[in-house]
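Peer 1: show me the folded form of this:
(2 chains)
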Amino acid sequence: DQQVKQNSPSLSVQEGRISILNCDYTNSMFDYFLWYKKYPAEGPTFLISISSIKDKNEDGRFTVFLNKSAKHLSLHIVPSQPGDSAVYFCAASSISNYQLIWGAGTKLIIKP
Amino acid sequence: DSGVTQTPKHLITATGQRVTLRCSPRSGDLSVYWYQQSLDQGLQFLIHYYNGEERAKGNILERFSAQQFPDLHSELNLSSLELGDSALYFCASSKQTDTQYFGPGTRLTVL
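Peer 2: The predicted structure is shown next:
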């Protein structure tokens, strides 16, 4: 049972435009959500997180939106840059079980 | 640099052998997590230790075991290795149970 789903295996975006990566979850107990970025053969790098008491968190070019009623979160990157090309993982956890549950990842390709 | 170190970076061994992967968490982090990533697939959670005690187990095979030592470093032991165990193994650490910071990984190749 996939509790965290990233339904788009890949996404291609023009440099300078907005990249929107989506993530859906099924467990209503999740209250903390994170986005990680991963280059090939490297460890994932933490990007941004959001707790369930918020619906938006911003950090520079990265903004995460949380829609609890839809059990959906998204990561917006604007403007997209070539260095943003990577695999992006969404992860979620709950206060009762701090194990992170990971999505399968979305490969973002930024075209020049 | 996340502050999490993993050794060795690469490991090549034969089927049936046993290997030990080592992880040093960030200074002050009490939690250590181990993950496996096979062939560009997602991250598979293996096991979580907090301050020396096992906290959670994921999809960890019985041939695999881990421990966290008093100095908080951790080791993942993989035994009776099979071809399918070839993967990237990542360690992550966190202060308690919040945001995890990952090491660079150990690439294990079983021939």
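
Peer 1: in chain B, which residue is closest to the centre?
Peer 2: Nearest residue to the geometric centre of chain B (C-alpha atoms, centre = their mean): residue B:34, 3.6 Å.

Peer 1: is that residue in contact with residue B:89, as I believe?
Peer 2: Yes. Using C-beta atoms under 8 Å, residue B:34 makes contact with residue B:89 at a distance of 6.7 Å. Bear in mind the C-beta positions are built from the backbone N, C-alpha and C, glycine included.

Peer 1: overlap in contacts, those two.
Peer 2: Common contacts of residue B:34 and residue B:89 (C-beta atoms under 8 Å, 6 or more residues apart in numbering or on different chains): residue B:76.

Peer 1: contacting residues for residue B:32?
Peer 2: B:23, B:25, B:48-50, B:68, B:72, B:74, B:91-93.

Peer 1: excluding residues flanking it in the chain, which one is nearest the residue in chain B sticking out farthest from the centre?
Peer 2: Centroid-distance maximum for chain B: residue B:111 at 20.1 Å, with C-alpha atoms, centre = their mean. Spatial nearest neighbour of residue B:111, chain neighbours left out: residue B:14 (5.6 Å); criterion: C-beta to C-beta, 6 or more residues apart in numbering or on different chains.

Peer 1: just list the residues touching the one you found, thanks.
Peer 2: B:81, B:110-111.

Peer 1: next: residue B:76.
Peer 2: Residue B:76 neighbours (C-beta under 8 Å, 6+ apart): B:20-21, B:23, B:34, B:46-47, B:64-66, B:89, B:91.

Peer 1: could you look up the SS state of it?
Peer 2: Judged by DSSP: H, G, I helix; E, B strand; the rest coil, the three-state class of residue B:76 is strand.

Peer 1: how near is it to residue B:65?
Peer 2: Distance, residue B:76 to residue B:65, by C-beta to C-beta, to the nearest Å: 8 Å.

Peer 1: what does residue B:95 give?
Peer 2: 25 Å.

Peer 1: got it, and residue B:44?
Peer 2: Counting by C-beta to C-beta, the gap from residue B:44 to residue B:65 is 16 Å.

Peer 1: just residue B:17 next, same as before
Peer 2: Applying C-beta to C-beta to residue B:17 and residue B:65 gives a distance of 15 Å.
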